[in-house]
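In: Can you look at this prediction? I've put the sequence above it.
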Amino acid sequence: MAFRTNASSAQPMTRSNTAARIDRNKPIEFTFDGRSYTGFAGDTLASALLANDVHLVGRSFKYHRPRGILSAGSEEPNALIRLGKGAYAEPNLRATQIEIFDGLYAESQNRTPSLKFDIGAINSVLGRFFPAGFYYKTFMWPAAMWMSYEHVIRHAAGLGKAAEDHNDPDRYEKTHAHCDILVAGGGAAGLMAAMQAAQSGARVILADEQNEFGGWLLGEANISIGGVPALVWVSAMLTDLAALPNVTLLPRTTVFGYMDHNYLTLNERVTDHLPTRPAHLPRQRLWKVRAKQVIIAQGAHERPLVFAGNDLPGVMLAGAVRTYINRYGVCPGRRAIVVCNNDDAYRTALDLYNAGADVVITDLRNDAKGPLITAARNAGIEILRGHAIIAAYGNQRVARVEIAPVDDSVTAISGDILHRDCDLISMSGGLSPAVHLHSQARGKLQWDGAKLCFRPSATHEPSFNIGACNASFDLATALKEAIRAGTKAAAATNHQTIALTAPDVVSANQNWKPLAAWKIPNGHGAGRGPKAFVDFQNDVTASDVSLAAREGYQSVEHLKRYTTTGMGTDQGKTSNINALAILADALGNEIPEVGTTTFRMPYTPSSIGAIAGRDIGDLFDPVRLTRMDAWHRANGAKFEHVGQWMRAWYYPKGDETIHEAVNREVKAARTTAGLLDASTLGKIDIRGRDAAEFLNRLYTNAWSKLGVGKCRYGLMLKDDGMVMDDGVTTRLGENHFHMTTTTGGAAGVLDWMEEWLQTEWPDLEVYLTSVTEQWAVATLSGPNAGKILQDAGIDFDLSPAEFPFMSMKEGHIGGLPARIFRISFTGELSYEINVAARHGLALWTHLMTAGKPHGITPYGTEAMHVLRAEKGFIIVGQETDGSVTPHDLGMDWIVSKAKSDFIGKRALARETMAYDNRKQLVGLLCSEPSTVIPEGAHAVLDPDQPMPMEMLGQVTSSYFSPNCGRSIAMAMLKGGHARKGQTVFFPMLDGTVLKAEIVDPVFFDPKGERIDG
Amino acid sequence: MAQNQPDRGQRGLPGGTPRYSAFALAKKAMNYHQDWQRAWRDPAPKAEYDAVIIGGGGHGLATAYYLAAVHGMTNIAVIEKGWIGGGNTGRNTTIIRSNYLWDESAAIYEHSMKLWEGMSQDLNFNVMFSQRGVLTIAHSEHELREMSRRVHAIRLNGIDSEILGPAEIKKFVPTINIDQSIRYPVMGGFLQRRGGTARHDAVAWGYARAADDLGVDIIQKCEVTGLRRQGRKIVGVETSQGFIKTKKVGCVVAGHSSVVAAMAGIRLPIASRPLQALVSEPIKPILDTVIMSNAVHMYISQSDKGEMVLGAGVDKYNSYAQRGSFPVPEHMLAAAVELFPVLSRLRMLRHWGGIVDTCPDASPIISKTDIEGLYFDCGWGTGGFKATPGSGHVFADLIANDRPNKIAAPYTLDRFRTGLLIDEHGAAGVAH
Amino acid sequence: MLIITCPFCGPRDEAEFACGGEAHIARPLAENKISDAHFADYLFMRDNPKGLFLERWRHSAGCRRWFNVARDTVSHEIIEIYPMGSLPKKASPKAAYKASWRRDTAAEKAAVRSPNKAGGSK
Amino acid sequence: MANSSNSRPDFSGQAALAGIAGSSSDNPNGGDAGLVFREISHLGKLNLRGDKNLAAAIKAATGCPFPPKANQFQSAGERHVLWLGPDEYLILCEAGKEKQLEDTLASTTKSSQRYAITDVSDSLCALALSGPKTRAVLAKGCGLDLHPSYFPSGDCAQTLLALAGVTLMALADDEFIVICRTSFAPYIQRWLADAALEYGYQFVA
């Protein structure tokens, strides 16, 4: 093409000299596909590329057809590029939304080896064999081959490449915000509404996805508002709004989600436009806004026309062309054909003409009249009325078109074909209001048969639609709507305001009723001829839509899913209505009867990083530490997460393995003394007149007669009779108890108790307070425990007579006030020492010092598990799994027969609860004393039976017990209680089989003779 | 696996519907695809059917197909108030696996898995069943213990399952983060290689086309307004297209089970909850398997189109609105970024919600009712899609023979009276 | 995210609350003998309407108090919020309460202490 | 902290963040930090359950009037009484005075009266926040409307801050007390420092 310019020259001649919103004094260097170009501050990547006469910017999803820039905004389906390098790389960004900055690095996508020569383009040649849904009809034989077919398909599909380096260096933040009125969209209507609402003193947030407020006015010439050029009015409005303390202006911010109860999500691109991003600033910020009222002023999207070859680079939307000329000072072509079914495109024709391009208008209507048409004629622009472009041709950019006269309904060609050369087609198929947010919020839509679009009807949330998104395309009307909505919204939030007078608008009148022309005839038979595209990104053609209808995929949802139309990253902003109309046509139905799909979050694709925000890394989930944590760390403890708690797991000495360390700790606890940090156990302070009665109803056993200062073990059931939690509860006073729960169960148990108190037994006078973190707890266990307490300076008599098992005393240790419970989870002489949490570390170090001569050994949760298993004590959540009753555990002794009721009592009376073949708790001794059966292993009677095998149940706990000198295990086995003495087998994952004898689950000191030391 | 399967229904399209094939595709291309015929008819309802299936989702269409193909009941109808596959069939994350803990669950999901393995050929419709493996991650000692229990049980049930360590996981899933210092480190996982995904819409369309070929009437935009009874017997269905007489009604209306049950005065132990899912923009392949993590309520795979498909846990309150609350995807995406940092710079493209019917024991109901001729298949919670063929297969058997077969037997409504539950979440709450 | 108006703390984000499911399920006392089937009505069977639903919520991140909510499960509109232990006052929730299949079931009757039984569970 | 040669434990006691979070600051913008915060060590805290009849006892013991409305607090010098729920209050007092206060309350409250009082001084951790960006920082993790006109000084609320439950007290436009469970204090400290980064912060250990 003769007028092609040297792309690297600083002043490509495609720059028009019109006044534009770029700073010609600020040239900016950037790179696209390895070649460096120059643009200006204020350019988007798209405008800068067009300024350099680069039209071919991408390849389509399926056919890999060359694609250019269609639009100038977020609806762009074609110009998707990969921005940045290394860890900063980001695929699928729309060139039309990227503000350029020095050093910007961009690449095209979905092509190999290069954009100009893409082997994938073969698909386009074979396109005829790949109609919509072809993959459902083939690749089925042989069945085994699908994975190979799929591999190829997967690599052909997918648009851009994700970053090679996965560690996103950027920071994302989130914030909550509240306002009286959120205005979504900062065009003329949005600005006017925000100003109106703000007058009342209401708190207003105004968000717009572009870097500048002003909406489509930014791309218009020859419009004046309030007696001044539109953009002068815009900047005046902005100055006034910015001065108001009750207004928050959010440019570069997309309102992408509109959820129940006026909860909206906004994505603010804080530093994306900067060449270097300050580390302390978020790249993007997610706003979670709760608005009392919402005003939607999102504008509208222009529709393409569906004619053969309409996807060639150089085929652009008319409004976009106007924007490039007026906003960016770029004239995207020199020989332009404007094709339209409405008046609006005439503005583009005039602007093209004024920018020095040759222009021909192809108007599908043969009766178009009005000031714009007159203006075009007066300018001497050639106007072909009742004509259409029936096909466009070119290699990687449109070069020529076939134009033909068409009948009134634009269904048939009615005359001779004209041939014209061109380098730009500027098309306009009418406007579709952006009803996305309204629809996300469950607002209803209605078809406007005159303006040929869906427009909002009933709203579901407290909101208003104004301006173009309400199909009020006329500026003056839009401003009046804005004032009305602003006033009403303010009033609805109890802010009174006097309606402002709408500023006068001076702009050529135009007819907003386009001609219905959904599919332009191409002179060939159905399905024949060059492809006419409906969905550019997903390569869905008009004949694909007809095919879907023919095959019975006739609901809009079926159409979308079968042809994938509207499923691209542009979410069908330019294609949905055309597809719908062509489907309606194929079904001989009216558009409203065929219906539209409901829009869902997000309005435009929204960064996952921003939605995750800072709730990642060490802020992903709170980690709770005990007051002794510092000591554990200093002494080389290994930790395990128990719920949110970090607990000392074991304390390896030197190069001890976990097993060596645990064996040492377990032995010490039975030969000398062990010290365990038990601070994480749940603790609940229970007070009130009815505290004992409450415990009676909560636990399976009886509590009324428990003496003051005495402790009792309790089992808590859900009302379905299944074990939920256990622990020791102590009576501190007549109406005062101290309950302990499992570490993991603490929060749940407190909630559980509150629920019963508040919802079932409000008559009981009981008060619950969590004191889990009020007390630090060190459990001293082992034969030397008493001696150590003596040396530590206990101030009361520890003799079993004075301080018997299952009792509690308050006293001092080395002067520290303490509550000491004589309870034991090891079967050894054991003291649970509670001190105010602030003294936890002091108590621990003090006991370690005092215990040194007596062989005190800190032990962790793993040793604790072994010690309790040696005694056959259960751990809720390990032996139990929500399907286990007290009887299953062999704990009938703890279930009161006397009490008329307790939580779970009735459920336990169901006949199946007494079935003999329920899984029951047993002990296991492996035939190989040195072998520890893996936890989770399943028992069978006959290891040689065929699959699926008859299983008895699973090993729940299994350890090597240094005190028994052999391995021990606990298991839940069907009919286990009656199987004592039987031998069972455990098929291992490696094919070997282990053998074990079923025994009583108490392996050590069955008579409990060690409890007093 | 396609061969020697439990009665899989007849192969091909005995009803005479032209077969799909590469050859047919090429042949039709010659005529610019003008003479493809409808995948299924659009009939008006007859006055009477031998059985009526309420609900044109995957389960309902599968039930109809197997009633016709296996039990020879061809005078039946599927009635759907909207468009087929428009409910949870088209709203799930398409995960398919059979590695369940309890024997009863393993039995039905493995039955289903075997049917998946021959489905595209059975239906002559490519449902793109992709056995790319399902890997469930364990993040703590407790989860490792549960994993071991699960894998031992699964193996003894004759189902494939293997345990992977962090290094093996990294090898299998290069994009995953196995840094052991993160809050929920990848400590291990168990893999079912036969698990994977399928094209959810295709399952509904494939069953519809195959059932239609056998004479089944598929009636869309037909809403059930009532169930007509005579005493304790069902005699027909009131619909928006008039009364339809029938002696057998199978209800397979995930997301509306309680509503339809109420029409017959039946109570169900079901709560309907929103389940949210989302996809990212399509990118070139970075994940060739399915990853599930229960500790952080997140599962993820990459569709053939290139979209990252992510699912979360169930929302906390009852709803029929097919939308959930924002904190759920917020937490889920944070968890996803922890495990797959690459996601941070990708963008959410679509987000949606389905309505799942959840039972107290997280297991389904496949059952007769105390009304003769009225059957329910519901309560699949988040596990419905993977069960589609198995559920349809055993439900068809229940309707045809008026008694549950061995696989369906444990799933009667009666278990809520006896208390013999199949407590899948009690048993470590693996997200389905 | 819903706005739920805690009767004590006022309107807060749904995130601060826990949902307790169906409201007004009376718990049968173990002392009153009912069949396993009737007991299952209490333990497992749940009202699950499409539309107005009476449910329980707890302000778990706030004052920790339970209360009742009448909410539409389709529109998510909250029609009434009323204290634990009380019945709804507005017409439609009231009607929903009366219409529930639970009213006068054996399980609900068994929630009341039968006069011949003395003293409760002490 | 007791050193191992000492046979008596150290009585001074440890603050929640002692040895976990040292003083730190980051102020990329220069000028005043947007947020300055510190732990209020050993602030006395009593959880009080009961109804309005306790007003007199509270007044007598603390000098604080009874909170007139839900989600408000009343102060008398260093002592504050916070409304937590319809029958639940939190009393804050000078470090070490909690026991004495507990006894006074017990004695001035008729035994007949429904009430319960529990010392939660170590159970909860209080952080003092100040600086021009205090509310902006809190808003990043808290869903409440923290605008001074909606959350004026004198208001308090139990709510969520990011992933932890907290009680917020507004002392002034740019002065708050944040109370969390002690074991969550390290998380809250880290979260606040992170959230305040863009405005600059200073944490005083």
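Out: Structure's in. What do you need?

In: Residue A:730 against residue A:809, yeah?
Out: No. Look at residue A:730 against residue A:809 with Cβ atoms under 8 Å: they stay out of range, at 10.6 Å. All C-beta spots, glycine's among them, are computed from the backbone N, C-alpha and C.

In: what touches both of those two?
Out: Common contacts of residue A:730 and residue A:809, defined by Cβ atoms under 8 Å, 6 or more residues apart in numbering or on different chains, comprise residue A:709.

In: Neighbour count: the two, which is higher?
Out: residue A:730 (22 against 18; other Cβ atoms under 10 Å in any protein chain shown).

In: Contacts only, for the residue in chain C that chain D sits nearest to.
Out: As assessed by Cβ to the nearest Cβ, chain D sits closest to residue C:63 within chain C, at 3.5 Å. Listed by Cβ under 8 Å, 6+ apart, the contact set of residue C:63 reads C:6, C:8, C:9, D:84, D:85, D:86, D:88, D:158.

In: Quick check: the last one vs residue B:99, distance?
Out: To tie it back to what came earlier, the one meant is residue D:158. Separation of residue D:158 from residue B:99 (Cβ to Cβ, to the nearest Å): 43 Å.

In: Could you do residue D:15 as well?
Out: The spacing between residue D:15 and residue B:99, counted by Cβ to Cβ, is 49 Å.

In: And residue A:434, by the same measure?
Out: 45 Å.

In: ditto for residue A:370
Out: Computed with Cβ to Cβ, the distance linking residue A:370 and residue B:99 is 69 Å.

In: Same drill for the two, tell me which one is more crowded.
Out: Comparing residue A:370 with residue B:99 by other Cβ under 10 Å, the one with more neighbours is residue B:99, at 26 against 13.

In: How about the residues of chain C by chain A?
Out: By Cβ under 8 Å from any Cβ of the partner chain, the residues of chain C that approach chain A are C:1-3, C:13, C:18, C:20, C:27-31, C:36, C:39, C:43, C:56, C:58, C:60, C:64-66, C:75-76, C:84-85, C:117, C:120-122.

In: List only buried entries from those residues.
Out: C:1-3, C:13, C:18, C:20, C:27-31, C:36, C:39, C:43, C:56, C:58, C:60, C:64-66, C:76, C:84, C:121 (16 or more other Cβ atoms under 10 Å in any protein chain shown).

In: can you tell me which of those are in helices?
Out: Judged by DSSP state H, these include C:36, C:39, C:43 as members of helices.

In: With pLDDT and distance to chain B added, can I get these in CSV?
Out: Shown next, in CSV, are those (pLDDT from 0 to 100; distance: Cβ to the nearest Cβ, whole Å):
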residue, pLDDT, distance to chain B
C:36, 96, 5
C:39, 97, 8
C:43, 97, 8
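
In: Adding distance to residue A:912, write those out as a markdown table.
Out: Formatted as a markdown table, these follow (distance: Cβ to Cβ, whole Å):
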| residue | distance to residue A:912 |
| --- | --- |
| C:36 | 9 |
| C:39 | 12 |
| C:43 | 13 |
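
In: So for chain C, the centremost residue is which one?
Out: Geometric centre of chain C, nearest residue: residue C:23, 1.1 Å, by Cα atoms, centre = their mean.

In: any idea how far it is from residue A:586?
Out: Distance from residue C:23 to residue A:586, by Cβ to Cβ: 51 Å.

In: What strand or helix carries residue 194?
Out: Because you didn't say which chain, this covers chain A. Taking DSSP states H and E as the criterion, residue A:194 maps to helix A:188-199.

In: The intended chain is chain D.
Out: Residue-wise, residue D:194 maps onto helix D:185-195 under DSSP H and E.

In: packing partners for that helix?
Out: The contact analysis (3 or more Cβ pairs under 8 Å, 6 or more residues apart in numbering or on different chains; DSSP states H and E) places helix D:185-195 against strand D:35-39, strand D:124-130, strand D:164-172, strand D:175-181, strand D:201-204.

In: Swap in 7 Å and give it another go.
Out: When contacts are defined as 3 or more Cβ pairs under 7 Å, 6 or more residues apart in numbering or on different chains; DSSP states H and E, helix D:185-195 packs onto strand D:164-172, strand D:201-204.

In: contacting residues around it?
Out: With Cβ atoms under 7 Å, 6 or more residues apart in numbering or on different chains as the test, helix D:185-195 has contacts from A:614, A:618-619, A:622-623, A:625, D:16-17, D:20-21, D:24, D:35, D:37, D:125, D:127, D:137, D:140-141, D:161-162, D:164, D:166, D:178, D:180, D:201, D:203.

In: Let's see that with 6 Å instead.
Out: A:614, A:619, A:622, D:16-17, D:20-21, D:37, D:125, D:137, D:140, D:162, D:164, D:180, D:201, D:203 (Cβ atoms under 6 Å, 6 or more residues apart in numbering or on different chains).

In: With stretch B:149-160 instead?
Out: The contact list for stretch B:149-160 (Cβ under 6 Å, 6+ apart) reads A:936-938, A:947-949, A:951, A:954, B:98-99, B:101, B:106, B:110, B:161, B:163, B:190, B:192-194.

In: how is chain D carved up into domains?
Out: D:17-42+D:122-205, D:44-120 (automatic domain parsing).

In: Return the most buried member of those.
Out: Stretch with highest mean neighbour count among the domains of chain D: domain D:17-42+D:122-205 (a mean of 20; mean count of other Cβ atoms under 10 Å in any protein chain shown).

In: helix/strand/coil for residue D:122?
Out: Secondary structure assignment for residue D:122 (DSSP: H, G, I helix; E, B strand; the rest coil): coil.

In: need the contact list for it.
Out: Going by Cβ under 6 Å, 6+ apart, residue D:122 touches A:774, A:836, A:837, A:838.

In: Just give me the neighbour total for the residue nearest to residue B:276 when sequence neighbours are not counted.
Out: Spatial nearest neighbour of residue B:276, excluding adjacent residues (Cβ to Cβ, 6 or more residues apart in numbering or on different chains): residue B:324 at 4.1 Å. Close neighbours of residue B:324, defined as other Cβ under 10 Å, add up to 28.

In: now do residue A:381
Out: Burial of residue A:381 is recorded as 19 neighbouring residues (other Cβ under 10 Å).

In: Contacts only, for the residue of chain D found nearest chain B.
Out: Evaluated by Cβ to the nearest Cβ, chain D has residue D:163 as its residue closest to chain B, separated by 9.0 Å. Residue D:163 makes contacts with residue A:622, as judged by Cβ under 6 Å, 6+ apart.

In: just the one 3 residues further on next, same as before
Out: Residues touching residue D:166, when contacts are defined by Cβ under 6 Å, 6+ apart, comprise D:178, D:180.
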